[in-house]
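Enquirer: sequence first, predicted model second:
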Amino acid sequence: MGKSVKKSGWFFRDAFEWLESILTALLAIILIFTFIIRLTSVDGDSMLPTLHDEDNLLVTNFFYTPKHNDIVVIYADKLYDHTKGEHGKPIIKRVIGIPGDKIRFDTENGRIYRNDILLEIGTIDGQLYEDGHMINSLTMSSYDLSSTVIVPAGHVLVLGDNRGNSVDSRNMNSHQYVGLVDENFIVGRAFFRISPFKDLGLVS
């Protein structure tokens with residue numbers, strides 16, 4: 001009788017410890033995905049060939065400071081969202097200019113200069129690269145943005161890798177307005193692709 005009660009006590013104690021461990025782990029996951037990591041999905045083709053429509057990404061803003069070539073999710077508060085019929089939507093772009101940078105667009109040759117230094121263009125296995133990352137096309141238009149711009153304090157200049165088909169900092173008209181992005185509107189840096197599974201891994 002005594003052994004039975006003792007074994008029963010062990011069972012309930014072990015079960016409680018397992019439950020406590022599971023709940024602690026779940027709470028940690030919830031806190032991480034609430035305050036440190038977020039899940040987002042790519043909408044459209046503006047980041048081709050780096051990212052594709054419906055790719056699912058992990059994003060973090062934990063102690064984040066924007067750097068050149070980071071892929072970031074921003075909240076474009078002035079961009080008109082046709083699906084919702086209102087202004088404001090999250091978009092995914094690449095940081096080209098940070099505070100104090102002078103960015104010049106040579107749209108005749110499709111080149112970009114940062115602080116009077118040409119962002120190097122090259123090809124590897126037939127794929128076009130700029131400043132070390134893949135792009136889908138050269139930058140043949142600055143759209144509504146001036147051909148030369150100084151990025152002000154607290155802002156970044158962002159472009160899509162698919163330069164010929166991207167609404168980004170170059171767009172400043174009433175319905176396609178992104179412009180220079182206030183750092184307060186940066187949701188975070190995309191760092192890992194979780195699907196499709198064949199493309200699982202870090203993004204850069």
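Expert: Thanks, I have the structure now. Residues are numbered from 1 along each chain as shown.

Enquirer: residue 66 and residue 197, how far apart?
Expert: With distances taken as C-beta to C-beta, to the nearest Å, residue 66 is found 30 Å from residue 197. For every residue, glycine as well, the C-beta is placed using N, CA and C.

Enquirer: neighbour-wise, which of the two wins?
Expert: Neighbours around residue 66 and residue 197, counted as other C-beta atoms under 10 Å, are more numerous at residue 66. The numbers are 18 against 7.

Enquirer: A helix includes that one, no?
Expert: No - per DSSP: H, G, I helix; E, B strand; the rest coil, residue 66 lies outside any helix segment and is coil.

Enquirer: the residue nearest to the spatial centre of the chain sits in which helix or strand?
Expert: For the chain, the residue nearest the mean C-alpha position is residue 72 (2.6 Å; C-alpha atoms, centre = their mean). Per DSSP states H and E, residue 72 falls inside strand 71-81.

Enquirer: and that strand, how far from the chain's centre?
Expert: Centre-to-centre, strand 71-81 and its host chain are 11 Å apart (C-alpha atoms, centre = their mean, to the nearest Å).

Enquirer: residues in contact with that strand?
Expert: 38, 40, 47, 50-51, 57, 59, 66, 86-95, 156, 158, 167, 175-179, 181, 185-190, 203-204 (C-beta atoms under 8 Å, 6 or more residues apart in numbering).

Enquirer: which parts of that strand are buried?
Expert: Along strand 71-81, these residues count as buried under the neighbour rule (16 or more other C-beta atoms under 10 Å): 71-74, 76, 78-80.

Enquirer: and of these, the nearest to residue 135?
Expert: residue 71 (12.5 Å; C-beta to C-beta).

Enquirer: beta-bridge partners for that closest one, please?
Expert: Judged by DSSP bridges, the bridge partners of residue 71 are residue 94.

Enquirer: quick one: low-confidence ranges for this structure?
Expert: Applying pLDDT under 70 to the chain flags residues 1-12, 14-17, 20-21, 23-35.

Enquirer: tell me the contacts of residue 179?
Expert: Residues in contact with residue 179, defined by C-beta under 8 Å, 6+ apart, are 78, 145, 169, 171-172.

Enquirer: which of the residues you listed ranks first by neighbour count?
Expert: For the contacts of residue 179, neighbours were counted by other C-beta under 10 Å; the highest total belongs to residue 169, with 29 neighbours.

Enquirer: is it correct that that one is in contact with residue 177?
Expert: No - using C-beta atoms under 8 Å, residue 169 is not in contact with residue 177; the gap is 10.2 Å.

Enquirer: counting neighbours, which bits of the host helix or strand of residue 89 end up buried?
Expert: Per DSSP H and E, residue 89 falls inside strand 86-97. Neighbour-count burial for strand 86-97, with 16+ other C-beta under 10 Å as criterion, is recorded at 89-97.
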